[in-house]
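# predicted model and sequence below, questions to follow.
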Amino acid sequence: MTQPSTRRNNADTRFTQMMTDRRDYLEWWRKLSDMYAPNRGRFSVDELPRKSPVRFNTRARQIPDDFAAGMKSGLTSPSRPWFTLTLYDNGLAELENVKAWLTEVQDIMQGAMLRTNLYDQLFDVYKEQGIFGTAALLIEEDDENIFHAQSLTAGSYAIGVDKRGKVNRFCRQFRRTVQQLAEEFGEGALPQELRQRLKEKPNNTRYELRNLIEPSQEYLRDDMAGRFQYVSYWWLKGYSEPEFLRVGGYNEFPVMVPRWRVINDDLYGREQPGETGYDDAVTLQQMEIDERSALKKGVNPPVMVPESLTQGDIDDRPGGVTKYYPTMDGAKPAITPLYQVIFDHRSVAEKRLELTAHLEEIFYVNMFKMWTTDMRQGRTATEIQAREAEKMFMLGPLIERQMSELLEPMIARIYGILDRAGKFPMPPEELQDREIKIEYMSILASIQKQSAYAGIEQILTTAGMIAQLQATSGKTPEVLDKIDGDEIIDQLADMYVIPAGIVLGDDAVAEKRAQRQQAEAQAQAQQQELAGVQAMSDAAPKIAGAAQTLSETQMPDGGSGLEALANIAGGMTQ
């Protein structure tokens, strides 16, 4: 074999370093996997799905599922819109044509998400994160469904971060047969040795395949129109020729890696519910083991047997007959318990319920159950927020991290894929070089946002009271000048995520008001014209009477008063 190239050596070095940085987490992840989800986690490249260890209390395995279901329903429910698109320029975002375009794009994206496996994989992402503290979601472009999502389990990948702590490198390793390699990369991309083996007699030997995704400023697209932001290398360990099986690229980082909480320079998430509740889960299992052991000993205890009974068979079945040798004193030999089993089952049951409740609280299951029950009973998000304000406040950091490390990059990735596929209509001219802003409208996000409603309501109530006092004292209620009704409506529409079209944009409102003002002005002009005509109509009889009086009045020159008035008017016009 020839020596690997510098580019290949650099890729191997970075791959090895990322795997080394992950090493200290593996043993802890294995313990978490054994406790909560034995089928999750792959901690070596050769590891196959493991047989589940015996767990006597299964609640510890069910609670992470409840957590994942609550997160999915609360943040990314497929049954209702959970995000909306707008602009950072609020004035521009209120234009009707801009709102209409953003709404159409949003609908296209949500429809595409429903047609793929995204929501199924998001459940796994939330579960992985709750147990291991870190999850990974890979979104690849797909010829059939436009894009395809894949959740990766702990131990099967490693990550790297930039100077700001943002995940920007990702690597993983697999085992593949030569047939699988040929199907994925093409026979011509394989080393000569494997091509020959494929022609002769393929076997089930598996070869280690490596993949590294990292930032790139050098990779040119085939059409030379620009550069990919990230490069993806694929190669076989132990083979230097070819240098890489494939070198590809991405316009966006294709892997979302949400982490529960990052402490100092840690790469992977910590203090997740699985870690916090681990001791409770262990105690719960041990108590279950002890209780079952006590029950067995109560039913079938260890016993003391007289020596005389050891000479024959003891038949303890119903109606069974056991033979024994009589003793000298004629007493019958008896089998007695070795010791008395004293076990407080009621106390253990109460403690078990306490531990289970504590685990549910750590995994936020009690909170998810609370708002789900409240929603079924018809309570609004505002009422839920008021009842559980403190608990909802605790969810804040969790929701914000999901938005920054999972949802926002996921939406950006899907938007980019659909845009390149030509699925969006042409944007309005006003959107040229404008950055699109993502706002979240899921149940949990709405509950948090609606906490501001109480403040708005309080201001309006106070302003109304002051206005009433001013009016009562004969003053103009000037306090109302401080209230911008349009802005309140816009804020509430954003808070409750009202669809575009229900609340009109500023330009549509301005046009509507201008039309109303014009109509009012026209109506006022018509009223004035009608009033003038009516006044003339009312004055006509009086004018006629005055004219008749003048015509009947005799002047000294023998003429009438009307003729004299006409002569005067004629002289004034000359």
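That came through, no problem. Residues are numbered from 1 along each chain as shown.
# rest of the way, CA atoms for contacts and neighbours
Noted.
# and the gap between the residue most central in space within the chain and residue 188?
The centre of the chain sits closest to residue 75, judged by Cα atoms, centre = their mean, with a distance of 3.7 Å. Distance of residue 75 to residue 188, given as Cα to Cα, to the nearest Å: 45 Å.
# same check on residue 506?
Note on residue 506: its distance to residue 188, by Cα to Cα, is 60 Å.
# how about residue 352?
61 Å.
# who's more crowded, the two?
residue 352 (19 against 11; other Cα atoms under 10 Å).
# and the pLDDT at the more buried one?
On pLDDT, residue 352 comes in at 90.
# I figured it hits residue 289, correct?
No: assessed by Cα atoms under 8 Å, residue 352 is found out of contact with residue 289, at 11.7 Å.
# let me see the ranges of the strands in the stretch 151-300 of the chain.
Using DSSP state E, counting those that start in this stretch, the strands of the stretch 151-300 of the chain run over 157-161, 167-177, 206-215, 230-236, 246-250, 255-256.
# most packed of those strands?
strand 255-256 (a mean of 25; mean count of other Cα atoms under 10 Å).
# in its sheet, what does that strand sit against?
Strand 255-256 pairs in its sheet with strand 136-142 (antiparallel), by DSSP bridges.
# please identify the buried residues of the strand it pairs with?
136-141 (16 or more other Cα atoms under 10 Å).
# cool, and stretch 422-433?
Buried residues in stretch 422-433, counted by 16+ other Cα under 10 Å: residue 424.
# same question for stretch 109-122.
Using 16+ other Cα under 10 Å as the test for burial, stretch 109-122 gives 109-110, 112-113, 116, 118-119, 121-122.
# return the subset of these lying in helices.
109-110, 112-113, 118-119, 121-122 (DSSP state H).
# max pairwise distance over those: which two?
109 and 121 (16.8 Å; Cα to Cα).
# on the three-state scheme, residue 85 is what?
Put simply, residue 85 is strand when judged by DSSP: H, G, I helix; E, B strand; the rest coil.
# you'd agree it is up against residue 441?
No: if you go by Cα under 8 Å, residue 85 and residue 441 don't touch, sitting 10.4 Å apart.
# which one of these two is surrounded by more residues?
More crowded of residue 85 and residue 441, by other Cα under 10 Å: residue 441, with 24 against 18.
# how near is the more buried one to residue 348?
From residue 441 to residue 348 the distance is 43 Å (Cα to Cα).
# now do residue 264
Distance from residue 264 to residue 348, by Cα to Cα: 40 Å.
# what do you get for residue 474?
73 Å.
# so for those two, which sits in the more crowded spot?
residue 348 (16 against 9).
# was I right about that one contacting residue 286?
No: with contact defined as Cα under 8 Å, residue 348 does not reach residue 286; the gap is 11.0 Å.
# tell me what residue 227 is bridged to.
Note on residue 227: beta-bridge partners residue 220, judged by DSSP bridges.
# switch to numbering from 297
Yep, numbering from 297; the last one is residue 523 now.
# distance of it relative to residue 544?
In terms of Cα to Cα, residue 523 sits 11 Å off from residue 544.
# where do the strands of the stretch 697-846 of the chain begin and end?
Using DSSP E, counting those that start in this stretch, strands in the stretch 697-846 of the chain cover 732-736.
# for residue 711, which non-adjacent residue is spatially closest?
residue 405 (7.0 Å; Cα to Cα, 6 or more residues apart in numbering).
# what about residue 440, how many neighbours?
8.
# residue 363 now?
Residues near residue 363, counting by other Cα under 10 Å, number 26.
# again, but for residue 766
Neighbour count of residue 766, defined by other Cα under 10 Å: 15.
# my guess is it meets residue 759, correct?
No: the criterion here is Cα under 8 Å, and residue 766 misses it with residue 759 at 10.5 Å.
# residue 336 and residue 360: what is the separation?
For residue 336, the distance to residue 360 - Cα to Cα - is 12 Å.
# kindly report the same for residue 549.
For residue 549, the distance to residue 360 - Cα to Cα - is 28 Å.
# if you count surrounding residues, which of those two has more?
More neighbours surround residue 360 than the other of residue 549 and residue 360, with 26 against 23 (other Cα under 10 Å).
# what sits closest to that one if chain neighbours are left out?
residue 423 (5.9 Å).
# repeat that for residue 355.
Nearest to residue 355 is residue 652, by Cα to Cα, 6+ apart, at 7.4 Å.
# three-state assignment of that neighbour?
Of the three states, residue 652 takes helix according to three-state DSSP.
# number of residues surrounding it?
Applying other Cα under 10 Å, I find that residue 652 has 19 neighbouring residues.
# ok, it - contacts?
355-356, 580 (Cα atoms under 8 Å, 6 or more residues apart in numbering).
# quick check: which element contains residue 342?
Following DSSP states H and E, there is no helix or strand that holds residue 342.
# and it, how many neighbours?
Residue 342: 11 neighbours (other Cα under 10 Å).
# correct me, but it touches residue 472?
No: judged on Cα under 8 Å, residue 342 makes no contact with residue 472 at a distance of 10.6 Å.
# low-confidence stretches in the stretch 597-746 of the chain?
Scanning the stretch 597-746 of the chain for pLDDT under 70 picks out the ranges 604-609, 616, 620-629, 667-690, 738-746.
# how about the helices in it?
Counting by DSSP state H, counting those that start in this stretch, one finds helices in the stretch 597-746 of the chain at the ranges 641-658, 661-672, 677-683, 685-698, 704-716, 739-745.
# just the stretch 297-446 of the chain next, same as before
With DSSP H, counting those that start in this stretch as the criterion, the stretch 297-446 of the chain has helices at 302-332, 355-371, 386-389, 392-411, 414-428.
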